[in-house]
Structures are given as structure tokens and as C-alpha cells.
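Have a look; sequence and predicted model below, questions after that.
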Amino acid sequence: MHDYAAHTPWTLANHLSSLIHDKFGFVRINPTMFASAARVTLKAAAATVVGTGVYVVSYPIFCKQRPEKVVVVGGGTAGIGVAAMLQNEGMKNVTIVEPNQTHYYQPLWTLVGGGLASAENSKKDMKAVIPKGTTWIPKRVESFEPDSNKVTLDDGSTVEYDYLVVAAGMQTDWDAIPGLEEGLQKEDSGVVSIYHPKYCSKTWKTFQSIKNNPSFNAVNPAALFFTFPPTVLKCAGAPQKIMWVLEDTLRCEGKRDHANLTFFTPGASMFGVKHYSEKLEKMRLERGVHAAFENKLVSIDVPNKIATFLDLKNNSKIKKHYDMLHVGPHMSAPTFLQQSPLSDSNGWVDVDKHTTQSTKYSNIFALGDCTNTPNSKTAAAVTSQAPVVVHNIERSIDKLPLDGFYTGYASCPLVIARDQVLLAEFGYGGQLAETFDRKNGKFPWKFIGTEGFFQQRFFFFLKETLFPYVYWNLWTKVIICL
């Protein structure tokens, strides 16, 4: 059984340690490679870091050509990555169905909201990131016909497949909170969110106007609120990442006492994994950030800048005035999946949490935010799931048991200052999976450690510089398979 997440590497050089550990590389060890010298394959893999995690892109020189048609629904991080990996493994009949004309590197939006990056650098034309040799159908999926191995598109046409990979992400329900859409669209409302390319830029602009407003001072501090939703959320650390960045900005400019910051969450702690929650709680107290646990945002009075929260402890509503309100929006499974025969009762694609294979149809796999796997929904999760999906599709084609195994790995680079990151890595059940931990980390990265001045700035370098570079230059790439 191949446990991909257990060997998660962090830089290009890390392939060397993976090579030593697994003998022939991280992505997969195919027993048939040893049966014929003619199929000797160089798994000269690029171990790369993307968004909040890491992945390995397999670059085989010789590989088995496969005629099976694979249709990938979704052209986000998961869909693009799987399509490239399939091509690299010899699957030359790969189609992506994706209606959007622009592809976004969404992990950058936190930095955009904090004035540390440009929104322009988070996007490219979709045609520029579709993996070489992949067919792109720029249409929406309306429904699935798994018994006939067909997908119906929004123009009534159908696409047939031998294997289907669903990588449709999740949808943002901007209309779930009354007043949110109005506030986001109104320039001077103080309502912002980093979960949209337009609104993440508005976040920094709004914050600057408050920071530079002389009416806000130590006697009359601004009220800055940051909310976490009661639903599943992609990159669950993001609502407080932006809070820490803006708090540090105020501190660096000597204006920390010009604002009161409050984090509102329906949960009972700062983070879902106790190990990191305790660190964040300690930091919250040291930096004078308020917390309203077991509180959720239910409505916004935009003209009067009043946010209404429901106190879940006593089921009472509380109205509070804000100067800036950063909202972590409600999210859900895409509408076209919610009534799909592929999905569970909550609308998420129903898969085995380890093999990522559909529990209902053996030739269907899914990964990323659209599945019901109980992991944190991050780009790092995708980069651990993608090689599992590709490997298990090949095993299925060859009528072999599925031995690709996803452990629930996810990581969240919690940006806690303008140049520091607290790196959270964990698997199913909150089990720690820290690459750099001196005791249980991966060789040789365990010697770096997870705590300290150097470490937190090194992790920030990964987040700010290395991750975006390797995302655009390695994750989508296809190498000719002879």
C-alpha cells in the first residue's frame, strides 16, 4: 500500500531523500516497471510546494501508453493537477470540462488582502494552464449519467468516458448572510473578504483607509471584525491569517492601539487541531486580540455598519458596530452535485476516504473540496490526493487492487505576521504530520525544526515566493511520454 501523504516532501531537493526512502521515487512504485528493462522509467520527480502543501509531479521518460478516455470535471488546482499527472503516466485521452476562462491561484489572496501581493499575480488565462495534450471543453456540467458513463453539459451535449474524475471544488454562498453581497459591492461599506479576487483587493484598500484615518486613535479605536462561518470552508485558516497580517501591520506602524480586533467563530477554539489552537490562543492573548467563541454572523446592516451575531451558548442575538468586517463566507457543494447520483445526502461526492474511489461506481474517482473525505480542504490536501487518484486509476485499468492510500494529509501555512508563518500539518483526526518536526519529521528536513525566528520566516518564504512559482511552473506541466 502506497501512503503518499506519509512521504510529503517540501522542495525540489527533497526528491533525493524520497529516492533514498522509496528507492524509485514518491509518486508510485509500479511492479511492472521491474518486469521489463524496456520500461525502465526515470521518476525524476519535481517535489514541489503549492499553496499550503506539497506534491510531486512525475516526469516519466518511458511509460505505458493507455487509450482509456478520462474526463476530469473541474479546472481548478485539483483538476489541472490530475490531468497533468495522467498525461505524464501515459494517459493521452484526457479531457477537462471547465466553464471558467480564468484560473486562479487562490492561496495568494490572503497576501493580497494584507498588501503583500498583487491580485494580478493570482490569475492566468485558463488556456494557459490547461496541461499540454489535454482537451478542454469550456462548458458547465449539468448532470451525470454514471450508468451510461456520460456527462451532460449545459448545452445539452454529452461527453462519454471510461473513467471520470470529479474535481469540482465547492461553491461560495455569498447570499447566505443577508447584507453580505450588498456590503461587498458597496465601496465604502467596510465589508470585505479575501475569498474573491476582487474583494481581497478591497480588503487592503479598506484597511488602509481606516489605518490612515486620523479619527481613529488610542482613545477612539476602530472596530475590526473577522468572522468564521458555520459551514465547511476551504482554507479554514484564512479568516484569521488576514487578521494576523493586519494586526502586525498596525503594530509595525506604531498604531496597534488605534484598533480593536475581534475574531468571531462558531467553534470553541482558535483552530480545529488542538496542538495549533493552543499556540494561536497563546498568541491571541499576548497580542491583545479579542475572541468571541461560539458566535456566528447572521446578518449585516450595511448602511449603519451593524453586524448581528448569534451567540450559540444562549441562542441570543447581539448587534455590534464595525468599521471593517472581514467575512468568511458560507460554502457548500456545487449545486449540480447536490442532487447527483454520485453524492451523499449533503451533496458531496461520496468516496472512500483512502482510495478516493466512488463508493457507488468503480470507474469514478474524486478529489479536492467537492468530496466527503473528512480532511481539511486545502491545496495541500489536493497535492496529496492527486497522485493517489492517478495511481488507483491505473491499478483499476490493470484490474489490480487499489493500493494508493490517502491519509487525510493537509497543511495550512498560518500567516501570523507580515513575514512569519506558523506551519500546520496534519492528517485525519488531527493527527500531526509535521515535515520539519525534529523528532518525527522527514529526513533531512527534520533538522530544520518547526519553531523559531528562522523557521517561521523560512516558511513565509515558501508561502510568499516558492509556492506560487512552482504552482505556475510545475503543477500544470506535461513531459512527453515516449
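Alright, I've got the coordinates.

Could you list the low-pLDDT ranges of the stretch 1-150 of the chain?
Within the stretch 1-150 of the chain, the segments meeting pLDDT under 70 span 1-63.

same thing but at 80, please
Scanning the stretch 1-150 of the chain for pLDDT under 80 picks out 1-64.

Just the helices from it, written as ranges.
Remark: helices assigned in the stretch 1-150 of the chain by DSSP state H, counting those that start in this stretch are 14-22, 77-88, 109-113, 126-129.

so which of those helices gets nearest residue 464?
helix 109-113 (6.3 Å; C-beta to C-beta). C-beta coordinates here come from the backbone N, C-alpha and C atoms, glycine included.

Please report how far the closest residue to residue 173 other than its chain neighbours lies from residue 468.
In space, and not counting its chain neighbours, residue 173 is closest to residue 330: 4.3 Å by C-beta to C-beta, 6 or more residues apart in numbering. As judged by C-beta to C-beta, to the nearest Å, residue 330 and residue 468 stand 28 Å apart.

same deal with residue 105?
From residue 105 to residue 468 the distance is 6 Å (C-beta to C-beta).

secondary structure class for residue 391?
helix (DSSP: H, G, I helix; E, B strand; the rest coil).

For the helix or strand harbouring residue 280, enumerate the helices and strands it packs against.
Element membership of residue 280, judged by DSSP states H and E, is helix 274-286. For helix 274-286, the elements it packs on are strand 410-417, strand 420-426, judged by 3 or more C-beta pairs under 8 Å, 6 or more residues apart in numbering; DSSP states H and E.

let's see it at 7 Å
On a contact count with 3 or more C-beta pairs under 7 Å, 6 or more residues apart in numbering; DSSP states H and E, helix 274-286 meets strand 420-426.

C-terminal to the strand it packs on, what's the next element?
helix 453-461.

Count the neighbours of residue 166 for me.
Look at residue 166: counted by other C-beta atoms under 10 Å, it has 30 neighbours.

Just give the closest residue to it, not the sequence neighbours.
In space, residue 166 is closest to residue 366, 4.0 Å off (C-beta to C-beta, 6+ apart).

repeat for residue 175
Nearest to residue 175 is residue 181, by C-beta to C-beta, 6+ apart, at 6.0 Å.

before we move on, what SS does the one you found have?
Reduced to three states by three-state DSSP, residue 181 is helix.

And the one 3 residues further on, by the same measure?
Per three-state DSSP, the local secondary structure of residue 184 is helix.

how far away is it from residue 170?
Using C-beta to C-beta, residue 184 is found at 18 Å from residue 170.

secondary structure class for residue 245?
Residue 245 is classified as helix under three-state DSSP.

Would you agree residue 208 falls within a strand?
No. According to three-state DSSP, residue 208 belongs to no strand; its state is helix.

Could I get the average pLDDT for stretch 316-330?
The average of the pLDDT scores along stretch 316-330 is 98.

ditto for stretch 377-387
Stretch 377-387 comes out at a mean pLDDT of 95.

Return the distance of it from the chain's centre.
Here stretch 377-387 is found 8 Å from its chain centre; the criterion is C-alpha atoms, centre = their mean, to the nearest Å.

Convert the C-alpha atoms of it to PDB, please.
Extracted as PDB, the C-alpha positions of stretch 377-387 are listed here (Å, rounded to 0.1, in the frame of the first residue of the first chain):
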ATOM      1  CA  LYS A 377     -10.000  21.400   2.500                       C
ATOM      2  CA  THR A 378      -6.600  22.900   1.300                       C
ATOM      3  CA  ALA A 379      -4.400  22.900  -1.700                       C
ATOM      4  CA  ALA A 380      -2.000  20.700   0.200                       C
ATOM      5  CA  ALA A 381      -4.800  18.100   0.500                       C
ATOM      6  CA  VAL A 382      -5.200  18.100  -3.200                       C
ATOM      7  CA  THR A 383      -1.500  17.600  -3.800                       C
ATOM      8  CA  SER A 384      -1.500  14.500  -1.600                       C
ATOM      9  CA  GLN A 385      -4.800  13.200  -3.200                       C
ATOM     10  CA  ALA A 386      -3.900  13.700  -6.900                       C
ATOM     11  CA  PRO A 387      -1.100  11.000  -7.100                       C
END
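
Mind listing what's buried along it?
By neighbour count on 16 or more other C-beta atoms under 10 Å, the buried set for stretch 377-387 is 377-387.

Which members of those occur in helices, if any?
Counted as lying in helices by DSSP state H, out of those, are 379-387.

Not counting its own residues, what contacts stretch 256-271?
Identification of contacts with stretch 256-271 by C-beta atoms under 7 Å, 6 or more residues apart in numbering yields 216-218, 221-228, 230, 240, 243, 247, 250, 277, 280-281, 284, 289-297, 309, 312.

In helices only, show me those residues.
240, 243, 247, 250, 277, 280-281, 284.

For the residues you listed, give me TSV that also has distance to residue 210.
TSV is the format used below for those (distance: C-beta to C-beta, whole Å):
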residue	distance to residue 210
240	18
243	14
247	13
250	10
277	28
280	24
281	26
284	21
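
Tabulate those residues (CSV), appending pLDDT and distance to residue 474.
Converted to CSV, these look like this (pLDDT from 0 to 100; distance: C-beta to C-beta, whole Å):
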residue, pLDDT, distance to residue 474
240, 97, 29
243, 98, 31
247, 98, 33
250, 98, 36
277, 98, 33
280, 98, 31
281, 98, 36
284, 98, 36
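
Please spell out the PyMOL selection for the buried subset of those residues.
Per 16+ other C-beta under 10 Å, the buried members of the ones in helices among the contacts of stretch 256-271 correspond to this PyMOL selection:
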select buried, resi 240+243+247+250+277+280+284
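
Mind telling me the two of the ones in helices among the contacts of stretch 256-271 farthest from one another?
250 and 277 (23.7 Å).

still on that earlier bit, tell me the one of the ones in helices among the contacts of stretch 256-271 nearest residue 362?
Within the ones in helices among the contacts of stretch 256-271, distances to residue 362 taken as C-beta to C-beta reach their minimum at residue 277, with 39.1 Å.

Please name the residues that touch the closest one.
269-271 are the contacts of residue 277 under C-beta under 7 Å, 6+ apart.

Skipping its backbone neighbours, what lies nearest it in space?
residue 271 (4.0 Å).
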